[in-house]
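Peer 1: following is a predicted model, sequence given first.
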Amino acid sequence: MLLQPHVKNIDRIRMFLGANEKIIWITLDDFVDLQTSPAYFIEPDDYRYTVLRPWVGVVENPVYHLSHTDRCYISKRLTG
């Protein structure tokens, strides 16, 4: 079975909390900087923020607490 690139990239997704701790941003593991690497931003009014925020600093990669569907969606946005 041939997997779509965004499905293959799910394990490469990494999450970061913005400096103001109000924005969560997600990128791939080959992140360079926000000018050259794709990033997906999650604001506090997004239900995914509510899922992810409690896990910041608790687990290595909080993204795994999102549903598979959400991770696929974000990965697709990051991989084009």
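Peer 2: Perfect, I can see it now. Numbering: from 1, shown residues only.
Peer 1: who are the packing partners of the helix ranked longest in the chain?
Peer 2: Secondary structure of the chain per DSSP state H: the longest helix is helix 68-79. Judged by 3 or more Cβ pairs under 8 Å, 6 or more residues apart in numbering; DSSP states H and E, the packing partners of helix 68-79 are helix 5-8, strand 13-17, strand 24-28, strand 40-42. Bear in mind the C-beta positions are built from the backbone N, C-alpha and C, glycine included.
Peer 1: most tightly packed of the ones you listed?
Peer 2: Among those, strand 24-28 has the highest mean neighbour count (mean count of other Cβ atoms under 10 Å), at a mean of 20.
Peer 1: ok, the residue minimising distance to the centre of the chain - contacts?
Peer 2: Centroid-nearest residue in the chain: I26, 3.2 Å away (criterion: Cα atoms, centre = their mean). With contact taken as Cβ atoms under 8 Å, 6 or more residues apart in numbering, I26 is in contact with 13-16, 39-42, 63, 74, 78.
Peer 1: what's the distance between it and Q4?
Peer 2: Per Cβ to Cβ, to the nearest Å, I26 is found 18 Å from Q4.
Peer 1: still on that earlier bit, how about the contacts of I26 in CSV, adding distance to R48 and pLDDT?
Peer 2: Below are the contacts of I26 laid out as CSV (distance: Cβ to Cβ, whole Å; pLDDT from 0 to 100):
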residue, distance to R48, pLDDT
I13, 12, 94
R14, 15, 94
M15, 10, 94
F16, 14, 92
A39, 14, 96
Y40, 10, 96
F41, 11, 96
I42, 5, 96
V63, 10, 94
I74, 8, 95
L78, 14, 93
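Peer 1: of those, closest to R53?
Peer 2: Set against R53, the nearest of those by Cβ to Cβ is I42 (9.2 Å).
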